[in-house]
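Q: sequence isn't available, so here's the structure alone:
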């Protein structure tokens with residue numbers, strides 16, 4: 001029998017600080033975290049109900065679930081779980097220490113465990129649209145999305161390949177370049193191409209695209225994770241880094257030039273590394289972030305090592321969004337056996353990133369003026385030089 005590993009809990013940090021200091025710290029106001037119910041034939045409600053059955057979770061955040069009262073009640077009854085939802089019209093009405101629920105629709109939605117159904121996809125889409133709107137309007141502090149079934153969503157009129165692309169459209173701007181990062185205590189893996197057929201990956205890559213992805217990753221590591229000088233590893237596209245061009249030219253013509261350009265801009269990037277040896281030799285432990293070229297190259301090893309506690313985080317957005325690193329788990333739906341570790345970690349991560357961004361903004365709000373010796377302009381450096389005597393004529 002294995003014991004479940006409890007991941008990092010932001011609320012416990014507050015309590016430890018109080019215990020270590022004689023004077024109690026003021027209790028932080030819990031952040032309002034929006035949570036979409038995901039596909040109603042999957043494990044979304046089970047994850048939500050299990051997570052907030054623990055009273056300590058209300059020290060972490062004030063949950064605001066975007067779903068439907070009737071569907072939530074059906075899940076709770078079928079799973080034989082308590083569901084004392086506090087029904088609200090807007091997040092402004094949410095109460096701390098309660099599992100708040102925004103009723104996004106009143107239609108009857110049949111729950112058929114593990115089945116791909118347009119009705120379930122429509123229910124997920126309506127909740128996601130409402131949550132994204134409230135996130136954009138500042139009514140919630142962050143968003144955690146329960147898993148969706150893309151096939152069901154597409155049959156319901158969803159025109160995106162995933163949450164990342166949808167949120168980029170709804171919450172981004174012209175300058176916004178969202179980046180999918182899978183994070184755990186072991187590693188952070190970002191993807192150059194995300195939901196792209198393998199046959200099209202090479203054509204999607206370019207030096208400019210990789211430089212943009214690396215810029216977003218570097219900025220995210222600094223602001224969202226408060227790493228002052230993060231080291232980034234870049235994976236190769238081809239086996240053995242192309243073997244000098246015998247197995248592909250992308251490493252020579254695209255990836256290496258992009259790395260060199262970023263290094264010249266002051267971003268510590270290294271590589272390209274052959275993916276098999278990089279993960280096999282444990283080199284991922286030496287870097288703060290990893291950029292993989294395509295979906296399975298980065299996520300297969302990540303999920304093999306961090307499936308239980310991994311979190312999907314969307315970097316590059318002006319808003320914070322996380323999700324568990326797994327799908328709808330149709331094979332487990334309705335059985336009450338779903339593991340909540342990744343979902344709970346997604347909630348913790350959302351809280352941490354919001355706090356980190358606020359701390360970073362506060363730290364840079366009123367910067368001290370640089371001293372002369374910190375400026376790069378040669379004209380200012382003379383103020384700190386010792387005058388030299390002129391040689392006798």
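A: Cool, got the structure. Worth saying up front: this structure is predicted, and the values here are computed from it rather than measured. Numbers count the residues shown, from 1 in each chain.
Q: element containing the nearest residue to residue 97 once chain neighbours are set aside?
A: Nearest residue to residue 97, sequence neighbours excluded (Cβ to Cβ, 6 or more residues apart in numbering): residue 58, at 4.7 Å. Backbone N, C-alpha and C define where each C-beta goes, glycine included. In this assignment (DSSP states H and E), residue 58 forms part of helix 57-60.
Q: list of residues touching that helix?
A: Residues from elsewhere that reach helix 57-60, judged by Cβ atoms under 8 Å, 6 or more residues apart in numbering: 9-11, 14, 30, 51-52, 63, 96-98, 344, 347-348, 351.
Q: repeat that for stretch 289-302.
A: 181-182, 184, 187-196, 198, 201, 205, 210, 213-214, 217-218, 221, 230-237, 255, 275, 278-279, 284, 310, 325.
Q: what's the average pLDDT for it?
A: Stretch 289-302 shows a mean pLDDT of 96.
Q: distance between the ends of that stretch?
A: By Cα to Cα, to the nearest Å, the extent of stretch 289-302 from end to end equals 12 Å.
Q: and if you look at stretch 311-327?
A: Stretch 311-327: ends 12 Å apart by Cα to Cα.
Q: quick one: low-confidence ranges for the stretch 151-300 of the chain?
A: For the stretch 151-300 of the chain, applying pLDDT under 70 flags the ranges 173-174.
Q: am I right that residue 69 is in contact with residue 83?
A: No: taking contacts as Cβ atoms under 8 Å, residue 69 lies outside contact range of residue 83: 9.7 Å.
Q: how about residue 166, nearest residue that isn't a chain neighbour?
A: In this structure, residue 166 finds its nearest non-sequential neighbour in residue 160, 4.3 Å apart by Cβ to Cβ, 6+ apart.
Q: ok, now residue 314?
A: residue 321 is the one closest to residue 314 (Cβ to Cβ, 6+ apart), at 4.7 Å.
Q: was I right about residue 187 contacting residue 305?
A: Yes: using Cβ under 8 Å, residue 187 is in contact with residue 305, at 7.5 Å.
Q: when those two are compared, which one has more neighbours?
A: For residue 187 versus residue 305, neighbours defined as other Cβ atoms under 10 Å are more numerous around residue 187 (21 against 14).
Q: let me see the contact set for the more buried one.
A: Applying Cβ under 8 Å, 6+ apart to residue 187 gives the contacts 284-285, 287, 290, 302, 305-306.
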